[in-house]
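1. Just need the structure, nothing else, for what follows:
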Amino acid sequence: MPTNTSQNLRTSTRPPRNRAITLLAVGHACVDVYQGAVAALVPFFVAERAYTYAAASGIVLAASLLSSVAQPLFGALTDRKPLPWLLPASTLVGGLGIALSGLGDSYALTLLFVAVSGIGVAAYHPESARIARVASRGGHTAMSWFSLGGNLGFAFSPALVALVVGFGGLTMSPLLLLPALAGSVLCLPALRIVQRGQDATSGAGAAHRTQAALTPAADRRSFLRLTLGVICRSVVFIGLSTFISFHMAQSTGWGPTAGTAALVVLYLGGAVGTVLGGRLAERWDRVTVVRRSYLLTVLAVAGVVLVPGPLGYLFVALASAGLYVPFSLQVTLAQDYLPHRVGTAGGITLGLTVSVGGIAAPAIGLLADATSLRTALIPLIAMPALSWLAFRGLPEPAAAIGPARRTIPVAPPSEKAESP
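-> The predicted structure is shown next:
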């Protein structure tokens, strides 16, 4: 009967879709290594090239500014036409920019290479978020695992940079291309799996048309408020990731090793927070989880900035977890607020979450040069509070039945795999 057939089809396609999410998560890790690598490279630029705080934060700005502008554009582009080839191509571009950034002594060239990497990252996120949405069928837990991949890439990047650049200097930066090579290869089987799943369900045309008709209307006002919350969240996270290594080195007196450890704690705490967010969303609605998380994060960030010594690591972990509990939930919320523009929604939330804050980094650097680093970090305490205000009163949208749930081409017809 039709019901049994549909149930059997869902059962038969679930394991491949799980493999697709796993592969996409690993590919996401390989890309976000390069977002984390920018902050991880900053202490080495300062040490080898004697950059000031302001000059060092300019490197973060170069990676963030073009990325922030480009991500919504790539999102709009992928909403008009699926571009699965962007995943391997953008992964390579992101890696190549960072790999070249350590060569030569030119500050201008360093900014250029880091900006190229930022564009590669910008091209990756909207399309990968759209494809992950298709593969996960809009599930919060599956999307949190996809987001977790990016967090683990962040967490791994300080260790990778320390291993490569710490022992060989900035001239060894070309070795940082290796994760990009791996990620560009791993995303190919994921795309094939998702496409086969789309082909296998393409016969249910009437059901898909019914679902499309039930897609809710866009809630642009809520999406705008969510975006404002995402921007404030980005400012505090990028501010911490750029300067936490310097802050903890000064606070503990343990030198550069303390700074690298702080970055690892910051990124690993984010990985824990991302998984926790998906779990909590199964018990409470997403808006409630996000709002409460930001409120608790205010206290955690205050602890990072104001509590001296090794105890600061605990607050770094708590602040990171608090900032990342909303990570994947904001992506699915945005996609549900803009159900016909999931690429744009994913590009803005998933991308701005980790890029637009870099625009504020030079201001923090200038204030640190003029006063002290701790003084410059104090305004970050207010950012999670502003995110909490942005999320107050936001409605929990009904689950989208549109682009995330119906057949969305993952590859051009000429590249489609054979149905099993």
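2. so how far is Leu148 from the residue nearest to Trp388 when sequence neighbours are not counted?
-> Excluding the flanking residues, the one nearest Trp388 by C-beta to C-beta, 6 or more residues apart in numbering is Tyr294, at 4.1 Å. The way it works is simple: take the backbone N, C-alpha and C, and place the C-beta from them, glycine included. Distance of Tyr294 to Leu148, computed by C-beta to C-beta, to the nearest Å: 20 Å.
3. The stretch 201-350 of the chain: helices as residue ranges?
-> 205-213, 220-252, 256-280, 286-306, 312-324, 327-337, 342-352 (DSSP state H, counting those that start in this stretch).
4. who's in contact with stretch 254-273?
-> Residues external to stretch 254-273 that are found in contact with it (C-beta atoms under 8 Å, 6 or more residues apart in numbering): 36, 39-40, 43, 47, 148, 151-152, 154-159, 162, 240-241, 244-249, 251-252, 293, 312-313, 316-325, 327.
5. from these, which would you call buried?
-> Using 16 or more other C-beta atoms under 10 Å as the burial test, the contacts of stretch 254-273 include 36, 39-40, 43, 148, 151-152, 154-159, 162, 240-241, 244-249, 251-252, 293, 312-313, 316-325, 327 as buried.
6. can I assume Val165 is in contact with Leu41?
-> Yes: using C-beta atoms under 8 Å, Val165 is in contact with Leu41, at 6.8 Å.
7. Touching both of those two, which residues are there?
-> 102, 173.
8. what's the spacing between Val161 and Val275?
-> 24 Å.
9. Which of those two has more residues huddled nearby?
-> Between Val161 and Val275, counted using other C-beta atoms under 10 Å, Val161 has the larger neighbour count: 27 against 19.
10. That one reaches Ala37, doesn't it?
-> Yes: look at Val161 against Ala37 with C-beta under 8 Å: they come within range, at 5.5 Å.
11. which neighbours do those two share?
-> Joint contacts of Val161 and Ala37 (C-beta under 8 Å, 6+ apart) are Leu176.
12. burial of Thr227, as a residue count?
-> Quick note: Thr227 (other C-beta under 10 Å) scores 20 neighbours.
13. now the one 5 residues further on
-> Cys232 sits with 24 neighbouring residues when counted by other C-beta under 10 Å.
14. swap in Arg221?
-> 11.
15. and if you look at Pro362?
-> 20.
16. Show me the shaky parts of this protein.
-> 1-17, 137-141, 197-216, 350-356, 358, 398-420 (pLDDT under 70).
17. Quick check: the gap between Leu306 and Leu377.
-> 9 Å.
18. what's the helix or strand for Val121?
-> In the assignment (DSSP states H and E), Val121 maps to helix 107-136.
19. just how off-centre is the helix or strand following that helix within its chain?
-> Per DSSP H and E, the first helix or strand lying C-terminal to helix 107-136 is helix 140-168. Distance of helix 140-168 from the chain centroid (C-alpha atoms, centre = their mean, to the nearest Å) equals 11 Å.
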